[in-house]
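Chemist: Build me a structure from this.
(one chain, ligands or ions: 2)
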Amino acid sequence: MKSLELVNVTKKYGKTAALDDFSYSFENRIYAILGPNGSGKTTLLNLITDNLLPTSGRIEYDGKEIHEMKASYRAMIGFAPQQQSLYEGLSLNRFMYYMASLKGLGKKEADIQVEMLLDRVHLSEVRNKKLGGVSGGMKQRALLAQALIGDPKILVLDEPTAGVDPGERIAIRNLISEVSDDKTIIIATHIVSDIELIADKVIILKKGRIAMDGAPAELCAGMKGRVREVRLAKGKDSLSGIKGKISSITPCGNEMTVRIIDNDNGNGTEVFPSLEELFLDVFEQKM
Ligand code: ADP
Ligand code: MG
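Modeler: Ligands and ions are numbered 1, 2, ... in the order given. Reported below is the predicted structural model:
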């Protein structure tokens, strides 16, 4: 199987490394790059898409240096970048045709793909609206649609749910998993719930380095025994005796269910840790 491989990749801005000695091999799966702001996610994606050159290290696809592959590599990549304030004056339709032309598609092929992709992301009905005038969710779906032009083997998405309401988040998540067949998908996000159901592998980035990586269940299993759940009467008074770190509070009638990491009074029942809890634990000290 062809893979995208990063070997000891470092990207420095001045003296500080935004990405520090990153090595990883990506195959046909959904990968989540998870980390708080400033952890190096965008830098990593810009390197993978050949929009940035590493300060040191190599990035190879199927054994060939991506920067040397030039157009043949770019033809395999679909990229939805983080900022979404571009092309506000274009209609969704014009935007799609514009992106299709940048990818070198002829008119006939563009007609077919724009039609199919707008339909796929459920934007056909608003295709004549200007990008500047649609919701954050629609904009993100448009960004996803343009990234899918040409059926790329490698799909790279930077914060695909930024500025999107919860319902749309679910729609975008479902779309990503629908298109994932036979592709390497790399999603950068700081929102755990965006990826915990769809990612095959999670790479947790902390200050430009891999803090942890693996399948979500495997990562969570590493925290086994440390999370407990208690039912308490509603109200903040009942929280005052808790020793550990509260990871979630779910109200339920007059009571609430509270999940606690390292609850050293030993109350409650042990539960399987969530990815959110792992994330909280990894970034506990200082984001
Ligand atoms: P993330 O996407 O996880 O928020 P970034 O890759 O954008 O992280 O940034 C990682 C680090 O690199 C941050 O400390 C950021 O300030 C720094 N950085 C990013 N881009 C630049 C740049 N063009 N010039 C200088 N520093 C940068
Ligand atoms: Mg970023």
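
Chemist: where along the stretch 1-150 of the chain do the strands fall?
Modeler: 4-13, 16-26, 30-34, 56-61, 64-65, 77-80 (DSSP state E, counting those that start in this stretch).

Chemist: residues contacting the residue of the stretch 51-200 of the chain found nearest ligand 2?
Modeler: Residue of the stretch 51-200 of the chain nearest ligand 2, by Cβ to the ion: residue 82 (5.1 Å). In this view, the C-beta of every residue, glycine as well, is placed from N, C-alpha and C. Residues near residue 82 by Cβ atoms under 8 Å, 6 or more residues apart in numbering: 42, 158, 159, 162, 188.

Chemist: which of those has the weakest pLDDT?
Modeler: Checking pLDDT across those, the minimum falls on residue 162 at 87.

Chemist: Stretch 270-287 and ligand 1, are they touching?
Modeler: No. Using Cβ under 6 Å from any ligand atom, stretch 270-287 stays clear of ligand 1, coming no nearer than 10.8 Å.

Chemist: which non-adjacent residue is nearest the residue of the stretch 51-200 of the chain closest to ligand 2?
Modeler: Among residues not flanking residue 82 along the chain, residue 158 sits closest, at 4.0 Å (Cβ to Cβ, 6 or more residues apart in numbering).

Chemist: What residues does the one you found make contact with?
Modeler: Counting by Cβ under 8 Å, 6+ apart, residue 158 makes contact with 41, 42, 45, 79, 80, 81, 82, 188.

Chemist: mind redoing it with 7 Å?
Modeler: 42, 45, 80, 81, 82, 188 (Cβ atoms under 7 Å, 6 or more residues apart in numbering).

Chemist: And the second one, how far from residue 52?
Modeler: Here residue 45 is placed at a distance of 9 Å from residue 52 (Cβ to Cβ, to the nearest Å).

Chemist: coming back round to it: so which of the contacts of residue 82 is surrounded by the most neighbours?
Modeler: When neighbours are counted by other Cβ atoms under 10 Å, residue 188 leads those with 26 neighbours.

Chemist: give me the element that residue is part of.
Modeler: Mapping residue 188 onto the secondary structure by DSSP states H and E places it in strand 184-189.

Chemist: Give me the sheet partners of that strand and which way each runs.
Modeler: Partner strands and pairing direction for strand 184-189 (DSSP bridges) are strand 30-34 (parallel), strand 154-158 (parallel).

Chemist: Tell me where the model's unsure across this protein.
Modeler: 83-85, 285-287 (pLDDT under 70).

Chemist: can you list the residues of it near ligand 1?
Modeler: 13, 18, 35, 37, 38, 39, 40, 41, 42, 43.

Chemist: List the buried residues in stretch 34-48.
Modeler: 34, 35, 39, 40, 41, 42, 43, 44, 45, 46, 47, 48 (16 or more other Cβ atoms under 10 Å).

Chemist: outside of it, which residues touch it?
Modeler: Residues from elsewhere that reach stretch 34-48 (Cβ under 7 Å, 6+ apart): 4, 9, 11, 18-19, 22, 33, 52, 54, 59, 82, 156, 158, 186, 188-190, 192, 195, 202-208, 279, 283, 287.

Chemist: how about 6 Å then?
Modeler: 11, 18-19, 33, 52, 54, 82, 156, 158, 188, 190, 202, 204-206, 208, 283, 287 (Cβ atoms under 6 Å, 6 or more residues apart in numbering).

Chemist: Pick the one among the contacts of residue 82 closest to ligand 1.
Modeler: Set against ligand 1, the nearest of the contacts of residue 82 by Cβ to the nearest ligand atom is residue 42 (3.3 Å).

Chemist: And that closest one, how far from residue 162?
Modeler: From residue 42 across to residue 162, the span is 11 Å (Cβ to Cβ).

Chemist: again with residue 47
Modeler: Separation of residue 47 from residue 162 (Cβ to Cβ) stands at 20 Å.

Chemist: now residue 219
Modeler: Separation of residue 219 from residue 162 (Cβ to Cβ) stands at 24 Å.

Chemist: Equivalent analysis for residue 156, please.
Modeler: The spacing between residue 156 and residue 162, counted by Cβ to Cβ, is 15 Å.

Chemist: Report the outermost residue of this structure with respect to its centre.
Modeler: residue 237 (37.3 Å; Cα atoms, centre = their mean).

Chemist: Figure out the helix or strand that the closest residue to residue 193 other than its chain neighbours lives in.
Modeler: Nearest residue to residue 193, sequence neighbours excluded (Cβ to Cβ, 6+ apart): residue 276, at 7.1 Å. Assessed by DSSP H and E, residue 276 sits inside helix 275-282.
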